[in-house]
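> Pasting the sequence and the predicted model now:
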Amino acid sequence: MAKKQAKPTIPCDIADPSLAAEGRRRTEWAAAEMPVTRQIMEQFRRTKPLKGHRLAACLHVTTETANLMLALKAGGAELRLCASNPLSTQNDVAAHLVKHQGISVFAIHGVNNRDYYRHINATLDFNPTMTMDDGCDLVTTLHTKRRNLLPGIAGGTEETTTGVIRLRAMEADGALAYPVVAVNDAMTKHFFDNRYGTGQSTIDGILRATNLLLAGRTVVVAGYGWCGRGFANRARGLGAHVIVTEVDPTKAIEAVMDGFRVLPMLDAAPLGDVFVTLTGDINVVDVHHMKKMKDGAIICNSGHFDVEINLKGLKALAKSSREVRRGVTEYELSRNRHVRVLVDGRLVNLSAAEGHPAAVMDMSFADQSLAAEYLAKNAGKLKNSVYPMPVELDERVARLKLKSLGVAIDKLTPEQKAYLASYEHGT
Ligand code: ADE
């Protein structure tokens, strides 16, 4: 008979504490790929830069996030963690953090919208002094429903493009009530996480959900930002014919010169076998596109929110729907036309797979750790604005990553430095 599990004694809401051992094993596996975050954790253990801070984190609850939590805890922070997406939580990781690390986690894979926000509110219930968000749902909740907590908050960090866009809109409106560091915009974040992380993990999600052969298939990529670029290149690497759709003329030229076919979505619709949205905008794949798609076309999203595919419109149009494979819903548009949507249009890389590999999250989460330290050091000195990641911190993460990879680089000579600082030299 299975041993009865003791109930956790700290505030939390998780699916199953008995999964903790597996969560620990997988978190340790990821840690081996996160040498930069580990070094920062070791430094934090000595210097305790976050001592006295209560940090509310709203992030995808993955093995990589677990390692970030350990670094922040080593830095002296008291922590609460909730999920930044209802489908991205790894229940074993949540159990490990609660049971073995004493970190309060409020996250269960597959929760409904009400429980998703209940978890965000529970994460805020300990009166945080700092926030760490991925997509801005925590910050928005604070600024709308929990305004009484705002005066106690020294600062926050934001992990993703979508979140930074929302924060900039708040700042422009004069609504932002504390300083936030846009970690997403660090070079060591978006250059690698958004490009190579999303590139690989989106492929991973599609393959785990469908087991499709991509070679020879036509893949339509909506959006040619860092994530779209990364994914388009990986899909091409697997032998797919890739079509890019864009609204930004410069990005469209870049896609053309990178060797991709660029078309409006309506023209791409009848050609694609797989459609992937990575835009951050709504209804990028709309009903009038779906009506033109081939029978059996697969549609998925790798942008932060589940708004990029017009699922509401699809549901209204469809005669019937059924789950044809775990995470794959087939909608019948007419007798011989069906489209298949992966994981309800939620982030396919985190909902059908495990998100980005640890080696790339290593830099993103080293950035997060250093941004938290920066906010603690500068508490009370910053304006209520969106701040870029300080360049010296960005560079420090790059240098640490290179060192961990055993890659050495050159240094400018004094003569070269002087040349770069001068304007007298010419032809
Ligand atoms: N975002 C994308 N991949 C992730 C991961 N593995 N962990 C946390 N957040 C992520």
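Received it, and whenever you're ready, just let me know what you need. Residues are numbered from 1 along each chain as shown.
> May I ask you to confirm that L278 is in contact with R195?
No: L278 is beyond contact range of R195, at 10.9 Å (criterion: C-beta atoms under 8 Å). C-betas here are computed from N, CA, C, even on glycine.
> Looking at those two, which one has more neighbours?
L278 (28 against 20; other C-beta atoms under 10 Å).
> OK, contacts around the more buried one?
Going by C-beta atoms under 8 Å, 6 or more residues apart in numbering, L278 touches 198, 202, 221-223, 225, 227-228, 231, 301-303.
> what helix or strand does the residue of the stretch 251-400 of the chain found nearest the ligand sit in?
Closest contact between the stretch 251-400 of the chain and the ligand, by C-beta to the nearest ligand atom, is at G355 (2.8 Å). Using DSSP states H and E, G355 sits within no helix or strand.
> burial measure for it, as a count.
Around G355 there are 25 residues (other C-beta under 10 Å).
> V276 versus that one, what's the distance?
For G355, the distance to V276 equals 16 Å [C-beta to C-beta, to the nearest Å].
> so of the contacts of L278, which ones are in helices?
198, 202, 227-228, 231 (DSSP state H).
> which one of those is nearest the ligand?
T198 (7.3 Å).
> Give me the nearest residue to that closest one, chain neighbours excluded.
C227 (4.0 Å; C-beta to C-beta, 6 or more residues apart in numbering).
> which residues sit in contact with the one you found?
Neighbours of C227 in contact, by C-beta under 8 Å, 6+ apart: 161, 194-195, 198-199, 202, 278, 302-303.
> Please enumerate the strands of the stretch 301-427 of the chain.
320-325, 328-334, 337-342, 386-388 (DSSP state E, counting those that start in this stretch).
> Of these, which is nearest M69?
With C-beta to C-beta as the criterion, M69 lies closest to strand 386-388 of the strands of the stretch 301-427 of the chain, at 23.0 Å.
> name the helices or strands packed onto the closest one?
In this structure, strand 386-388 packs against helix 161-172, strand 180-182, with contacts taken as 3 or more C-beta pairs under 8 Å, 6 or more residues apart in numbering; DSSP states H and E.
> Please identify the most buried of those.
Mean neighbours per residue, mean count of other C-beta atoms under 10 Å, is largest over the helices and strands packed on strand 386-388 for strand 180-182, with a mean of 28.
> what's the following helix or strand after that one?
With DSSP H and E, the next secondary element past strand 180-182 is helix 187-189.
> what about that next one, near the ligand?
No: on the criterion C-beta under 6 Å from any ligand atom, helix 187-189 is out of touch with the ligand, staying 10.6 Å away.
> quick one: buried residues of that helix?
188-189 (16 or more other C-beta atoms under 10 Å).
> I'd say E373 and L50 touch.
Yes: here E373 reaches L50: they are 7.0 Å apart, a contact under C-beta under 8 Å.
> More neighbours: the two, which one.
Neighbour tally, E373 and L50, criterion other C-beta under 10 Å: the higher count belongs to L50, 25 against 19.
> Looks to me like the more buried one is in a helix.
No: counting by DSSP: H, G, I helix; E, B strand; the rest coil, L50 is located in no helix; its state is coil.
> A77 is in contact with that one, correct?
Yes: using C-beta under 8 Å, L50 makes contact with A77 at a distance of 3.8 Å.
> phi, psi of the spatially most central residue of the chain?
Centroid-nearest residue in the chain: T160, 5.7 Å away (criterion: C-alpha atoms, centre = their mean). Per-residue torsions, T160: phi -130, psi 160 (degrees, to the nearest 10).
> Of all the helices and strands packed on strand 386-388, which one is nearest M290?
Once those are compared by C-beta to C-beta, helix 161-172 is nearest, at 23.4 Å.
> Is the longest helix along the chain positioned near the ligand?
Looking across the chain with DSSP H, the single longest helix is helix 358-377. Yes: using C-beta under 6 Å from any ligand atom, we find that helix 358-377 touches the ligand at M361.
> For E308, grab the count of nearby residues.
27.
> Which phi and psi values does the residue lying closest to it once chain neighbours are set aside adopt?
Spatially, and ignoring its direct neighbours in sequence, E308 is nearest to T277 (3.7 Å; C-beta to C-beta, 6+ apart). When read as degrees, to the nearest 10, the backbone of T277 gives phi -100, psi 130.
> Now do the strands in the stretch 101-250 of the chain.
104-106, 130-133, 155-158, 180-182, 218-222, 241-245.
> and stretch 392-409, C-alpha only, in CSV?
Extracted in CSV, the C-alpha atoms of stretch 392-409 (Å, rounded to 0.1, in the frame of the first residue of the first chain):
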residue,chain,number,x,y,z
GLU,A,392,27.3,45.6,-16.9
LEU,A,393,25.0,42.9,-15.4
ASP,A,394,24.1,41.7,-18.9
GLU,A,395,27.8,41.5,-19.8
ARG,A,396,28.6,39.7,-16.5
VAL,A,397,26.1,37.0,-17.4
ALA,A,398,27.6,36.6,-20.9
ARG,A,399,31.1,36.3,-19.5
LEU,A,400,30.1,33.8,-16.9
LYS,A,401,28.3,31.7,-19.6
LEU,A,402,31.3,31.8,-21.9
LYS,A,403,33.6,30.7,-19.0
SER,A,404,31.3,27.8,-18.2
LEU,A,405,31.5,26.8,-21.8
GLY,A,406,35.3,27.0,-21.7
VAL,A,407,35.3,29.7,-24.4
ALA,A,408,37.9,32.4,-24.2
ILE,A,409,37.7,35.7,-26.1
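> dump the residue contacts of the residue nearest to N112 when sequence neighbours are not counted.
If the residues on either side of it in the chain are set aside, N112 comes closest to P86, at 7.2 Å by C-beta to C-beta, 6+ apart. Residues near P86 by C-beta under 8 Å, 6+ apart: 109-113, 116, 346.
> ranking those residues by neighbours, who comes first?
Top of these by neighbour count (other C-beta under 10 Å): R346, with 25 neighbours.
> my guess is that residue meets G303, correct?
No: assessed by C-beta under 8 Å, R346 is found out of contact with G303, at 9.9 Å.
> The residue nearest to N112 - that's part of a helix, no?
No: P86: not assigned to a helix; according to three-state DSSP it is coil.
> Got phi/psi on it?
phi -70, psi -20.
> What's the separation between it and I120?
From P86 to I120 the distance is 11 Å (C-beta to C-beta).
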